[in-house]
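[1] no sequence for this one, just the structure:
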C-alpha cells in the first residue's frame, strides 16, 4: 500500500470514529427542551472537533453522518437530511476556520472557539429556517434551545480540544489539515 492510500485509509477510519462518537455523544446525554420535542446534547462539540481534526471534506461527512444517524436512530426522521447538512456545514466551517486562523498553538485554540461560534449561528439559524417551512412561525420557539446547545458545543469543544490534540496521531492529522 502506498503512502497516499495509507493516508486516505487513516482519514476514513478517523472519520468513521468521529461519526460514531458524534452519534453516541448526541444520543447519550439528552436534556429535553420544553415545547419543542427536541433536546440539548454534547454532540455539537464532536462535530466541531471533527472538522478541526479531519479537515473540510472528511469533517463534513463525519459530523453530518454522525448527527444524522442520531436523528435516524432517535426517531427524528424528518430531521435526518436537515441535520446532515447543518451539522456537516458546522464541521466544514470549523475546518476552514482552523485552516485560516490556526497558524500557531494559541491561534489554533482561538480557531476552535470560532468553530463554536459558527456552530451557534448555523444550528440556531439553520434549524429555524428549515423548521419555518415545516411548522411556520412556531419554528422560532426552537431558537433559544439551539443557542444553548451551540454555546454548550463551543464550551465543550474548547475543553476537549487540548486533550484531543495531545494524542499524537490526532495532532498529526489536525496539523496536516491546517
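    Thanks, I have the structure now. If you're wondering where the values come from, they're calculated on a predicted model, not measured in any experiment. Numbers count the residues shown, from 1 in each chain.
[2] in this protein, which spans are helices?
    3-28, 43-54, 56-74, 80-101, 105-135, 143-165, 168-177 (DSSP state H).
[3] Go ahead and flag the most central residue of this protein.
    In the chain, the C-alpha nearest the mean C-alpha coordinate belongs to residue 47, at 1.8 Å (C-alpha atoms, centre = their mean).
[4] which one is it nearest to, not counting chain neighbours?
    residue 63 (3.8 Å; C-beta to C-beta, 6 or more residues apart in numbering). For the C-beta atoms, the positions are set from N, CA and C on the backbone; glycine is no exception.
[5] what's the answer for residue 68, then?
    Nearest one to residue 68, counting by C-beta to C-beta, 6+ apart, is residue 84 at 4.0 Å.
[6] residues contacting that neighbour?
    Each residue near residue 84 by C-beta atoms under 8 Å, 6 or more residues apart in numbering is listed here: 64, 65, 67, 68.
[7] which of the residues you listed tops the neighbour count?
    When neighbours are counted by other C-beta atoms under 10 Å, residue 67 leads the contacts of residue 84 with 32 neighbours.
[8] Distance of that residue relative to residue 115?
    Distance, residue 67 to residue 115, by C-beta to C-beta, to the nearest Å: 15 Å.
[9] Likewise for residue 58?
    15 Å.
[10] swap in residue 65?
    In terms of C-beta to C-beta, residue 65 sits 18 Å off from residue 115.
[11] Which positions in the helix or strand of the chain with the lowest mean pLDDT come out as buried?
    One helix or strand of the chain scores below all others by mean pLDDT, DSSP states H and E: helix 168-177, with a mean of 84. Neighbour counts over helix 168-177 (16 or more other C-beta atoms under 10 Å) mark 170, 173, 174, 177 as buried.
[12] Can you give the contact residues for it?
    10, 11, 14, 52, 53, 54, 55, 95, 98, 99, 164, 165.
[13] Contact partners for residue 119?
    Contacts of residue 119 (C-beta under 8 Å, 6+ apart): 44, 47, 48, 90, 94, 150, 153, 154.
[14] In a markdown table, list the residues you listed along with pLDDT.
    A markdown table is the format used below for those (pLDDT from 0 to 100):
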| residue | pLDDT |
| --- | --- |
| 44 | 97 |
| 47 | 98 |
| 48 | 98 |
| 90 | 98 |
| 94 | 98 |
| 150 | 93 |
| 153 | 94 |
| 154 | 96 |
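[15] circling back to that earlier point, pick out the shakiest of the helices of the chain, pLDDT-wise.
    For the helices of the chain, mean pLDDT drops lowest on helix 168-177, to a mean of 84.
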